[in-house]
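1. structural data only, the sequence is not supplied:
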């Protein structure tokens, strides 16, 4: 059996999406800026996609959608475009410590450009505090950027209230909604959103395409200067096939979203409930304020990279926040921010469900994961009996190796 | 990041997993923050490693290096086993990713600790 449960990383392109894209490679290959038929057909297709994306997120006008290359570009554009804009006089922004690196690294860059950045902490569930936000925000704050839902632990932030607080202080509100658009209802007006980043490949569209929503009237400095595409907000010849794919994915999501959300929530809860039956496990993130497709569990005394590769060997594909799985050997900043100790962060497993997962696959996961956990624990030198000892050694040799 | 075939073999089917009851020597090394903790227990006969087992908390390469270390050390004289290096272990596995060379390649250190532990026990 092969069970793909890493939809938080990426999704397969829906066959319907692929079908409509195919026409725009060799047949309708025109440049959407040209006036003749090939160009017009491309432009019309882009326009149709724009309307579909606008509709999915409740944008008032389709021209509020700026197509781009995906979530990272959306986040970069929103932050740099607002804070470094020619007319911007406010030199402060607020974000959170659990944002995606596309926000965090951009914010760090802005700090080198004279921008003051406040990073709000989160509680053990990964929620920011509205009180903290109220304390930090001022008339100097140009932008608040808080993710709609966290990509690792699935916690859904109170963005409606965040947007309200931002607006009361005269600041704009951007949200990285890469994990939520197409998965849960997103309405930019109801949620007080001024700018929103979304990415096509997270909801069954192609990779390399996404969009930045910008509420009408908001202006920002583009990242890409050039021929003035996307009303000057994102130059570069339109990725027509990609945009058409994104549009189709948005249209499908609009239709199936509520039903899919219900189905995935049930599967997710079954996975979480069964994983928590395994001894010495904890749920990462919030039990209910949570993405419908996200289960994130830490298994103590197990290291995540080994777990992922053992599961890989039996056809289960998930991900981990373990340091050992990264080139830099750094544990997930999100897991550390919600208070997990390094040893516990090591044993995290993220399973993210998607459109084609079945109950049978969930059965398989529920049966096999505990077995693999048990196997790894059997061979682990770090275990309940030795924990106190191992940890005492760690304290003696603070940040390097301990030895007996 | 890709592991060599040999790493994956030792990771998926590790040899000499477990702990020797009443061992002649025991060594634990590790860095729980970084994620790897290795324990090696040995039985010694005629100054040679007669039996060896390991337990490891860590990533795929930590498990693979532990496994291959026990295979390499089995039957070796204690002096020869003391001469084994991390590089020998990595070479035996057809190499490790550069960032895994240090933290997940400590099994040979655990082996040396176990031998030292045996030699100290003998003195007493």
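-> Now that the structure is in, tell me what you want to look at. Bear in mind the structure is a predicted one, so any value in this text is a computation, not a measurement.
2. how about the helix ranked longest in chain A: buried residues?
-> The longest helix of chain A (DSSP state H) is helix A:240-275. For helix A:240-275, the neighbour count (16 or more other Cβ atoms under 10 Å in any protein chain shown) marks A:240-254, A:257, A:260-261, A:263-265, A:267-268, A:270-272, A:274-275 as buried. C-beta: built from backbone N, CA, C; applies to glycine.
3. look at the most centrally placed residue in chain B and report its pLDDT.
-> Centroid-nearest residue in chain B, with Cα atoms, centre = their mean: residue B:107, separated by 3.3 Å. Per-residue confidence at residue B:107 stands at 92 (pLDDT).
4. ok, which stretches of the chain are helices?
-> Reading this off chain A. A:15-26, A:37-56, A:71-83, A:101-111, A:130-136, A:159-168, A:240-275, A:304-313, A:333-337, A:342-346, A:359-378, A:384-396.
5. wait, I meant chain B there
-> B:5-12, B:60-73, B:78-83, B:86-92, B:107-123.
6. flag the shaky bits of the stretch 101-250 of chain A, pLDDT-wise.
-> Applying pLDDT under 70 to the stretch 101-250 of chain A flags no residue at all.
7. same list, the helices of chain B, but as CSV with distance to chain A please.
-> Shown next, in CSV, are those (distance: least, Cβ to the nearest Cβ, whole Å):
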stretch, distance to chain A
helix B:5-12, 6
helix B:60-73, 5
helix B:78-83, 16
helix B:86-92, 13
helix B:107-123, 6
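8. show me the one of those helices that comes nearest residue A:161.
-> Among the helices of chain B, helix B:60-73 comes nearest to residue A:161, with 43.5 Å by Cβ to Cβ.
9. any idea of the angle that closest one forms with helix A:304-313?
-> 90 degrees (axes from the mean of the first three to the mean of the last three Cα atoms, to 10 degrees).
10. quick one: list the elements packing against the helix or strand of chain B with the lowest mean pLDDT.
-> Here the helix or strand of chain B ranked lowest by mean pLDDT, DSSP states H and E is strand B:25-31, holding a mean of 88. Where contact means 3 or more Cβ pairs under 8 Å, 6 or more residues apart in numbering or on different chains; DSSP states H and E, strand B:25-31 is packed against strand A:402-403, strand B:36-45, helix B:107-123.
11. which of these sits closest to residue A:1?
-> Judged by Cβ to Cβ, the one of the helices and strands packed on strand B:25-31 that comes nearest to residue A:1 is strand B:36-45, at 30.9 Å.
12. give me the angle between the closest one and helix B:107-123.
-> 40 degrees.
13. before we move on, back to that, turn the helices of chain A into a markdown table, columns for distance to chain B.
-> Formatted as a markdown table, the helices of chain A follow (distance: least, Cβ to the nearest Cβ, whole Å):
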| stretch | distance to chain B |
| --- | --- |
| helix A:15-26 | 29 |
| helix A:37-56 | 35 |
| helix A:71-83 | 21 |
| helix A:101-111 | 18 |
| helix A:130-136 | 28 |
| helix A:159-168 | 34 |
| helix A:240-275 | 20 |
| helix A:304-313 | 4 |
| helix A:333-337 | 11 |
| helix A:342-346 | 5 |
| helix A:359-378 | 8 |
| helix A:384-396 | 5 |
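14. how about the contacts made by the residue nearest to the centre of chain B?
-> Going by Cβ atoms under 8 Å, 6 or more residues apart in numbering or on different chains, residue B:107 touches B:38, B:40, B:54, B:56, B:62, B:65, B:66, B:68, B:69, B:70, B:89.
15. recalculate using a threshold of 6 Å.
-> With contact taken as Cβ atoms under 6 Å, 6 or more residues apart in numbering or on different chains, residue B:107 is in contact with B:38, B:65, B:66, B:69.
16. what does stretch B:8-16 rub up against?
-> Contact partners of stretch B:8-16, identified using Cβ under 6 Å, 6+ apart, comprise A:313, B:52, B:53, B:60, B:63, B:64, B:67, B:68, B:70, B:71.
17. find the nearest non-adjacent residue to the fourth one, please.
-> In this case it means residue B:60. Closest residue to residue B:60 apart from its sequence neighbours, by Cβ to Cβ, 6 or more residues apart in numbering or on different chains: residue B:11 at 4.4 Å.
18. look up how far residue B:72 lies from the residue nearest to residue B:71 when sequence neighbours are not counted.
-> Of all residues not flanking residue B:71 in the chain, residue B:15 sits nearest, at 5.3 Å (Cβ to Cβ, 6+ apart). Using Cβ to Cβ, to the nearest Å, we find residue B:15 at a distance of 10 Å from residue B:72.
19. dump the contacts of residue B:107 into JSON lines; add distance to residue A:340, pLDDT and neighbour count as well.
-> JSON lines is the format used below for the contacts of residue B:107 (distance: Cβ to Cβ, whole Å; pLDDT from 0 to 100; neighbours: other Cβ atoms under 10 Å in any protein chain shown):
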{"residue": "B:38", "distance to residue A:340": "23", "pLDDT": "92", "neighbour count": "30"}
{"residue": "B:65", "distance to residue A:340": "26", "pLDDT": "95", "neighbour count": "32"}
{"residue": "B:66", "distance to residue A:340": "25", "pLDDT": "95", "neighbour count": "35"}
{"residue": "B:69", "distance to residue A:340": "30", "pLDDT": "97", "neighbour count": "32"}
